[in-house]
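**Q** predicted model and sequence follow; I will ask about them next.
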Amino acid sequence: MHGTIDLAGDSHLRAARDTAQSMPLADFDVGNPELFQNDSFWPYFDRLRRDDPVHYCRDSMFGPYWSITKYNDIMDVETNHAVFSSASSLGGITIRDVAPDLRRESFIAMDQPRHSAQRKTVAPMFTPTHLDQLAINIRKRSAECLDNLPKNETFDWVDQVSIELTTQMLAVLFDFPWEDRRKLTRWSDIATTIPHPGGLVETEDQRQAELLECATYFARLWKERINQPPKSDLLSMMAHSDATRDMDPKNFLGNLILLIVGGNDTTRNTLSGSVYALNKNPDQYRKLRDNPDLIDSFVPEVIRWQTPLAHMRRTALEDIEFRGRQIRKGDKVVMWYVSGNRDEEVIERPYEFIIDRARPRTHLSFGFGIHRCVGIRLAELQLKIIWEEILKRYDNIEVIGEPKRVYSSFVKGYETLPVRIAA
């Protein structure tokens with residue numbers, strides 16, 4: 001059972017496994033967001049890694065695409081920038097294609113050499129000296145948030161802790177008006193949502209209207225920053241850098257959305273995932289309580305276990321034979337981090353949550369190569385500090401019911417997570 005999920009007591013996963021075993025591989029569509037909303041995608045990836053690690057899906061709601069499911073294969077695609085492009089003009093970094101007139105460049109959806117020039121602009125935010133300053137702020141705000149949580153009653157951890165703390169952090173990074181900070185949460189959700197009936201927005205037009213509102217709001221802040229002396233917030237850094245000062249409106253909004261989603265969604269969903277993972281694995285929760293020093297390995301393990309972004313996508317710039325399969329120029333190639341992080345050939349007992357793993361940083365959650373997440377250290381720092389503060393205060397944060405998961409095969413996250421803290 002080492003390389004497959006443990007299905008004991010989980011009827012929906014047993015049903016998913018039976019379907020995944022009996023369905024012809026040609027019919028597999030692991031990009032279907034419903035599989036993620038129902039948390040039933042795992043057995044499909046188990047089978048692909050075993051039987052068809054470079055898999056072609058002929059037809060889906062996102063059109064045809066290749067799935068790369070094994071850890072080392074993903075690494076090879078990630079590092080072959082000559083053949084596999086991130087450029088927004090070809091479709092960018094998600095399985096979902098954006099209409100050509102709505103494509104917006106950002107440094108993650110950009111190839112060399114422009115990618116590095118724009119990325120370097122925001123890199124000073126994540127230097128050790130700056131992180132030390134941010135740490136003081138993170139600890140103060142984490143303490144305030146945790147001290148105000150209700151006792152002996154059920155509340156939503158996602159809203160009251162995960163969203164609140166990551167949105168506060170984002171407001172600090174952008175020096176964004178504090179009273180409007182929840183707009184950042186909304187724009188982050190809008191940026192990654194798939195419009196559908198009953199969803200966050202129902203149509204693509206509604207989605208674009210809200211993203212335009214985001215661009216307009218930030219354009220106002222940008223004008224203020226560009227006319228002020230340089231400061232140490234992300235917006236000021238971009239306004240005063242040669243590489244980003246003259247971005248066109250699409251590139252401007254593209255980079256904003258990248259920084260908002262990168263700074264918000266990933267940490268938010270890993271923070272929710274950490275509470276959920278510890279409740280699923282009470283032995284590990286005990287281990288962490290007994291030895292809080294394990295936070296240092298617990299944090300990367302939960303980032304692997306959660307994998308807050310399920311995939312990144314590339315577009316083939318030329319025909320290439322890859323692991324015996326013929327990928328054509330223009331094909332969409334999806335690297336499934338969520339599958340690579342469960343690859344037993346690279347990670348021992350990958351389905352187990354083990355907070356004292358020997359090498360917990362062996363994971364793909366932040367990507368690899370030139371597009372590796374620029375905010376890795378900040379993400380780990382936030383999670384580390386928040387958990388240090390949690391362990392000082394609470395013996396147990398009890399999950400009361402199953403989380404509601406996001407309808408997305410890109411953001412692997414939680415809409416709600418009901419919890420209770422005993423007084």
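**A** Arrived safely, thanks for sending. Small disclaimer: the values here were computed from a predicted structure and weren't measured.
**Q** mind telling me what element the nearest residue in space to residue 19 that is not next to it in sequence is part of?
**A** Leaving aside its sequence neighbours, residue 19 sits nearest to residue 43 (Cβ to Cβ, 6 or more residues apart in numbering; 7.7 Å). Every residue, glycine included, has its C-beta placed from N, CA and C. Take DSSP states H and E as the rule and residue 43 turns out to sit in helix 42-51.
**Q** nearest residue to residue 217 other than its sequence neighbours?
**A** Among residues not flanking residue 217 along the chain, residue 183 sits closest, at 7.0 Å (Cβ to Cβ, 6+ apart).
**Q** residue 224: neighbour count?
**A** 12 (other Cβ atoms under 10 Å).
**Q** and the helix or strand encompassing it, what does it pack against?
**A** Here residue 224, judged by DSSP H and E, is contained in helix 204-226. Helices and strands touching helix 204-226, as assessed by 3 or more Cβ pairs under 8 Å, 6 or more residues apart in numbering; DSSP states H and E, comprise helix 182-192, helix 234-239, helix 249-280.
**Q** please work out which of those helices is packed deepest.
**A** helix 249-280 (a mean of 23; mean count of other Cβ atoms under 10 Å).
**Q** neighbours around residue 127, how many?
**A** Residue 127 has 11 neighbouring residues, counting by other Cβ under 10 Å.
**Q** in contact with it, which residues are there?
**A** For residue 127, no contacting residues are found, by Cβ atoms under 8 Å, 6 or more residues apart in numbering.
**Q** how near is it to residue 232?
**A** Separation of residue 127 from residue 232 (Cβ to Cβ, to the nearest Å) stands at 10 Å.
**Q** next one: residue 88
**A** Distance, residue 88 to residue 232, using Cβ to Cβ: 28 Å.
**Q** do residue 113 as well
**A** In this view, residue 113 and residue 232 are 26 Å apart by Cβ to Cβ.
**Q** what do you get for residue 323?
**A** 45 Å.
**Q** do residue 80 as well
**A** Distance, residue 80 to residue 232, using Cβ to Cβ: 36 Å.
**Q** so which elements touch the helix or strand following the helix holding residue 43?
**A** Using DSSP H and E, the next helix or strand after helix 42-51 towards the C-terminus is strand 54-57. Here strand 54-57 touches strand 65-68, going by 3+ Cβ pairs under 8 Å, 6+ apart.
**Q** which residues are in contact with stretch 220-238?
**A** By Cβ under 8 Å, 6+ apart, the list of residues contacting stretch 220-238 from outside reads 121-122, 124-125, 130, 172-176, 218, 239-240, 244-245, 247, 252, 255, 259.
**Q** wait, residue 256 sits on residue 212?
**A** No: in this structure, residue 256 is not within contact of residue 212 by Cβ atoms under 8 Å, at 11.8 Å.
**Q** who has more neighbours, residue 113 and residue 232?
**A** Shown here are residue 113 and residue 232; by other Cβ under 10 Å, residue 232 has more neighbours (13 against 7).
**Q** Three-state assignment for the more buried one, please.
**A** Following DSSP: H, G, I helix; E, B strand; the rest coil, the label given to residue 232 is coil.
**Q** roughly how far does it sit from residue 382?
**A** As judged by Cβ to Cβ, residue 232 and residue 382 stand 18 Å apart.
**Q** check residue 67 too.
**A** With distances taken as Cβ to Cβ, residue 67 is found 31 Å from residue 382.
**Q** and if you look at residue 420?
**A** Going from residue 420 to residue 382 by Cβ to Cβ gives 24 Å.
**Q** more neighbours: the two, which one.
**A** Neighbours per residue (other Cβ under 10 Å) separate residue 420 from residue 382, with residue 382 holding more: 24 against 16.
**Q** cheers, nothing more for now.
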